[in-house]
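A.B. asks: Need a 3D model of the following:
(2 chains)
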There are 2 protein chains.
Amino acid sequence: MVPHLITALTGPINELEQRVLDSMPAIERWFRLEWMEHTPPFYSSVDVRNAGFKLAPVDTNLFPSGWNNLTPEMLPLGVQAAMAAIEKICPEARNLLVIPENGQPSSFYLANLAQLKRLFNMAGLNVKLGSIDPALKKTTTFELQNGESVTLEPVIRGKRRLGLKDFDPCTILLNNDLSTGVPGILEDIHEQYLLPPLHAAWPTRRKSMHFKCYEEVSKRLGKLLGVDPWLIYPLSDRCENVNLDDEKGLDRLQAQVDIVLTRVKRKYKEYGIKEKPFVVVKADHATHELGIVTVRDAKDMQDLKERIQTLSSGRKTPVPAFDFLVQEGVLTQERVNDAVAEPVIYMMDRYVVGGFYRIHAGRGADENLNAPGSSYVPLAFEHSTQLPQPGIKPGVSLPNRFYMYGVVGRLAMLAASYELEATDPDAQDYE
Amino acid sequence: MVPHLITALTGPINELEQRVLDSMPAIERWFRLEWMEHTPPFYSSVDVRNAGFKLAPVDTNLFPSGWNNLTPEMLPLGVQAAMAAIEKICPEARNLLVIPENGQPSSFYLANLAQLKRLFNMAGLNVKLGSIDPALKKTTTFELQNGESVTLEPVIRGKRRLGLKDFDPCTILLNNDLSTGVPGILEDIHEQYLLPPLHAAWPTRRKSMHFKCYEEVSKRLGKLLGVDPWLIYPLSDRCENVNLDDEKGLDRLQAQVDIVLTRVKRKYKEYGIKEKPFVVVKADHATHELGIVTVRDAKDMQDLKERIQTLSSGRKTPVPAFDFLVQEGVLTQERVNDAVAEPVIYMMDRYVVGGFYRIHAGRGADENLNAPGSSYVPLAFEHSTQLPQPGIKPGVSLPNRFYMYGVVGRLAMLAASYELEATDPDAQDYE
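C.D. replies: Numbering: from 1, shown residues only, chains lettered A, B, ... in the order given. Below you'll find the predicted structure:
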């Protein structure tokens, strides 16, 4: 199955595709030079949205799951990239401990764990899965529908090392974003490689910081390509310390929404874009029960305020104040069989190793698709067609479009690398 | 099309496949540690022969052509490996000059050049083709059947650098094995990276040296796997300084053939192998007009002597004395539609990036297939199935068999790395 790219995508996006393709060797060299100075995250996935007139990442995940959605054809690239990553970080590595999400694993998540295990096993590591969920008291084996099985063992913390019974890993890979906080069991591990580092997890990460870094790198890539960088980044602002119980805080949030909406409207006018501009409002840290809210106009803002008040009034203790990210909404104009779709790009080390479309039949083009009811179309990029095809008219070649998505995905990964440098608690000031 | 592996392949080869598969993480780690100490050749291809009871490389090419025979599905792996290779050698690289073979290029060779150009272009380099053939006086464009074109330009040698008109490369990639000698135009280039180094070309290389290094590394891998290393290496001996005009020299060659044949017979007896043992006799340096001669018994030896005498007597000046390699012949039991087939493994840097079967309908299982009339079946390893499938019975899984071929191919590449260290004229003695 091949997704139906909306053929009406003419204008800016096709010009961008053409420029990206024409600049391919320069782009690749630019990334190569960047990676000389900056360390890519161990692995990552990036949700990209293509509005037809612009293209931007909307979420960069540094603890990606969903590896099971990659096709078997993509796996060799993942294995090869994993080999390169391991070789750089700890070439003598023998045992790898993967730490999964807490909680009862879904069958999808178990398939993701099986895929990760396979991938690192083929890259030359003995792989075991060690849970930090206090609820997992003993070794538990889950059967998958395809006959495979996945075994989770409770981790054992020694004075200086983390491991399993009879398994002492030299490297620990987190597939758990620690959104409920960094548990003590992961602290003060200095003898083993812990990947990604703890400050890549949500207790430290802030979306506003990521998009600030992303804006910086996209301006530099935009210059290289000779395009307005707004074509590849979403306008973003932070609204700090909003107390949900406080009318003044909500007014500040509304003012911030108005500012971003105005800026988006100005850009739409500049490019003659007829779509209705919108912003998304989300917690700056991790996910929040408010979710990701689309605000198109004052009415939506009123809805948001009411939702906040309901949430707030239902509590015994007040919700602590927190920061919001107010971000330009990016429409997605991709469809798979009429369902709204957005590409998700998977990277291991500095390499794009695959991708798929996330589709959601029940959602609109201006809504978040990463929600219950979404499904995945891994075949969209089947047969490793991710290599560009120079000389083909923009907008009609899937590989060329995917190459462009891969460039934007890597740009978001590069931003994450800047972000991790800026937030590294152990960073030395070399200047 | 899938090749017909001879299903009668039971016994040693399937046991070897099982051991290779069971030891996958250990093998990958072993290679990883080797590459910490040794530099892989920039690119290479290895002809492998599977006799059913043993598996061995018979030729390691450090200037591989035939990249056009890799399927589009394999190309992303090649691009990713090229990125990794460039990043290590010269991350700031912008322009790459590829030096093709001398002589009028065949359509196959032009397709190879187009593929190499595409591959390095996608890895982020501006690529041009510069010929060192004195016969190429001006820029010449060749049209390919698929509508592509390939342009060769005569190289221009400055005092310190090699380039083209208006093209100053930082890196020069040889796709020319320099079998007629190293031209002065390539000497004393110290400002640019010349890959592979000149001592990887035939004026310096000796097959006996390669197979000596190969025997060394295969003994170490054999130990890791717990198998007799003879199962993965061909017995080889050098017969030095044979003067073709001199009866005594030919007698020495015969004695050497007898010694190797006797050793092979002993091994066949040990394993209860019913096939007729044979040796191949070839020049130790490059290719020679004598070609690769199969010797099964005294009659074949007599034929060889007569061929040598005919060759020698037809000359005005005597053929200079040279060294021969006398090597255990390895049968190939692979067939594609009844034609004798041998797998060829392609590597870029330390990574296996693809492979295909070379087939020759007119040749026997104990003959050299790399000869006029051969053809290629790139589909044999289609859809990147090179990832092993643990848990499948040995001898029935193409991916598992290909993984084993990839291990042997990489072992030959590792041997080439040892060989290049030993023959490096600039090597410092660090001990």
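A.B. asks: Show me where the stretch 151-300 of chain A has its helices.
C.D. replies: When assigned using DSSP state H, counting those that start in this stretch, the helices of the stretch 151-300 of chain A occupy the ranges A:207-225, A:247-271, A:298-313.
A.B. asks: in the shortest one, what's buried?
C.D. replies: Pointing back at helix A:298-313 there. Using 16 or more other CB atoms under 10 Å in any protein chain shown as the test for burial, helix A:298-313 gives A:300-301, A:304-305, A:308. Where C-beta positions appear, they are placed from N, C-alpha and C, glycine not excepted.
A.B. asks: Contact partners for the residue of the stretch 201-350 of chain A found nearest chain B?
C.D. replies: Residue of the stretch 201-350 of chain A nearest chain B, by CB to the nearest CB: residue A:350 (7.9 Å). Residue A:350 makes contact with A:31, A:35, A:40, A:81, A:410, A:413, B:83, according to CB atoms under 8 Å, 6 or more residues apart in numbering or on different chains.
A.B. asks: Throw those residues into a markdown table and include pLDDT and neighbour count, thanks.
C.D. replies: Compiled in a markdown table, the contacts of residue A:350 are given as follows (pLDDT from 0 to 100; neighbours: other CB atoms under 10 Å in any protein chain shown):
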| residue | pLDDT | neighbour count |
| --- | --- | --- |
| A:31 | 97 | 21 |
| A:35 | 96 | 19 |
| A:40 | 96 | 22 |
| A:81 | 95 | 25 |
| A:410 | 97 | 25 |
| A:413 | 98 | 29 |
| B:83 | 94 | 25 |
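A.B. asks: Out of the residues you listed, which is nearest to residue B:24?
C.D. replies: Relative to residue B:24, the closest of the contacts of residue A:350 is residue A:81; by CB to CB it sits at 17.5 Å.
A.B. asks: Could you tell me how many residues sit around the closest residue to chain B within the stretch 51-200 of chain A?
C.D. replies: Nearest to chain B, among the residues of the stretch 51-200 of chain A, is residue A:124, at 2.5 Å (CB to the nearest CB). Residue A:124 has 25 neighbours, counted by other CB atoms under 10 Å in any protein chain shown.
A.B. asks: So it: helix, strand or coil?
C.D. replies: Under DSSP: H, G, I helix; E, B strand; the rest coil, residue A:124 falls in the coil class.
A.B. asks: Let me know the pLDDT of it.
C.D. replies: Note on residue A:124: pLDDT of 94.
A.B. asks: Report the contact partners of the closest residue to it other than its chain neighbours.
C.D. replies: Spatial nearest neighbour of residue A:124, excluding adjacent residues (CB to CB, 6 or more residues apart in numbering or on different chains): residue B:28 at 2.5 Å. Neighbour list for residue B:28: A:83, A:122-125 [criterion: CB under 8 Å, 6+ apart].
A.B. asks: For the buried residues of helix A:298-313, give me CSV that also has distance to residue A:406 and pLDDT.
C.D. replies: As requested, the buried residues of helix A:298-313 are exported to CSV (distance: CB to CB, whole Å; pLDDT from 0 to 100):
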residue, distance to residue A:406, pLDDT
A:300, 33, 86
A:301, 36, 84
A:304, 34, 83
A:305, 40, 82
A:308, 38, 79
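A.B. asks: Pipe these into JSON lines and attach distance to chain B per row.
C.D. replies: Shown next, in JSON lines, are the buried residues of helix A:298-313 (distance: CB to the nearest CB, whole Å):
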{"residue": "A:300", "distance to chain B": "43"}
{"residue": "A:301", "distance to chain B": "46"}
{"residue": "A:304", "distance to chain B": "44"}
{"residue": "A:305", "distance to chain B": "49"}
{"residue": "A:308", "distance to chain B": "47"}
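A.B. asks: And these, which is closest to residue A:401?
C.D. replies: Each of these was checked against residue A:401 using CB to CB; the closest is residue A:300, at 31.1 Å.
A.B. asks: Next one: that closest one relative to residue A:355, how far apart?
C.D. replies: Taking CB to CB, to the nearest Å as the measure, residue A:300 falls 31 Å from residue A:355.
A.B. asks: ok, now residue A:36?
C.D. replies: Note on residue A:36: its distance to residue A:355, by CB to CB, is 26 Å.
A.B. asks: what's the burial count for residue A:188?
C.D. replies: Residue A:188 has 10 nearby residues by other CB under 10 Å.
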